[in-house]
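Let's see this in three dimensions:
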Amino acid sequence: MTITCETHGRVRVITIARPEVRNAVDPATARALFDAFRDFEADDTLDVAVLTGAGGHFCAGFDLKAAAGPAGRDWIAAVDIADDWSDAASQPVPGPMGPSRLLLTKPVIAAVEGYAVAGGIELAAWCDMRVVAETVTFGVFCRRWGVPLIDGGTVRLPRIMGQGRANDLILTGRPVAAEEAARIGLADRVVPQGEALTAALEIAVALTRFPQACMRADFLSARLSGPELARAIRREWASFGTFLAEGMDGAARFASGKGRKGDFDDI
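Numbers count the residues shown, from 1 in each chain. Predicted coordinates for the structure are as follows:
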């Protein structure tokens, strides 16, 4: 089982459950996340979702051990981009990380502990709010492996924190701690270590008490439209060729044991 789903009233908690690899997403996990969020969107008994990770980390990105092999490469290459994302049903296949190309009509809150890096920061950016532990580390760590952001990171990060700050993270790949994440707008709430899920659940439950039609109307109006998002993600997807040119070699180096624990010198 690569994910778990729990229901708390009108809130669905979806947990990436691969703690042995800091919840890195392999093809099976990506598919499971995609299906879980489409099920959440279609369920009229649910109003808000929380995305989190098991074992003290949010997500370490796409599983580079999987990416180093043909199955992982084929998974990433096979994803498609719909022309118009008017709703979740109009995107028929997952993004590389799973739900990153879904346009939901209900809010999703990220409960972030530990590492949210590479594709993990893209999943956090896909969520509509981020509640983070004070010991969190964000970062575009895939920079050192030649793996591009292809799950909406280049689209969403500038909208969340502004172009200049997003450029800093995207270009350097440096680690960002909770205090800075809050200052630049990447973190919406900072809580003590181990309390991110509890705090995110409290917010989610509070949101379910509001009149939902009005809340969702404002929520949808405040973000990129489906066609606008589709165009931006399609432009980002042009970077996939650099994964084949550089990222496969980087993934193989990671799989061999290089650069663990965010080490930028051992690559």
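
if I read this right, residue 110 contacts residue 121, doesn't it?
No. Residue 110 lies out of contact with residue 121 (C-beta atoms under 8 Å); the separation is 10.1 Å. Bear in mind the C-beta positions are built from the backbone N, C-alpha and C, glycine included.

These two: who's more crowded?
Legend: neighbour count by other C-beta atoms under 10 Å for residue 110 and residue 121, higher for residue 121 (32 against 27).

The more buried one and residue 138 touch, don't they?
Yes. Counting by C-beta under 8 Å, residue 138 is a contact partner of residue 121 at 5.2 Å.

list residues touching both of those two?
With contacts defined as C-beta atoms under 8 Å, 6 or more residues apart in numbering, the residues adjacent to both residue 121 and residue 138 are residue 169.

can you pull the contacts of residue 18?
2, 24, 25, 26, 29, 54, 63.

Over to residue 25?
By C-beta under 8 Å, 6+ apart, the contact set of residue 25 is 16, 18, 33, 59, 61, 62, 63, 97, 98, 119, 123.

Now, these that are in helices?
33, 119, 123 (DSSP state H).

Which of those residues ranks first by neighbour count?
With neighbours taken as other C-beta under 10 Å, the top of the ones in helices among the contacts of residue 25 is residue 119, carrying 32 neighbours.

The closest residue to that one other than its chain neighbours: how many residues sit nearby?
Once flanking residues are discounted, residue 119 sits nearest to residue 61: 3.7 Å by C-beta to C-beta, 6 or more residues apart in numbering. Residues lying near residue 61 (other C-beta under 10 Å) number 30.

likewise residue 7?
Residues near residue 7, counting by other C-beta under 10 Å, number 12.
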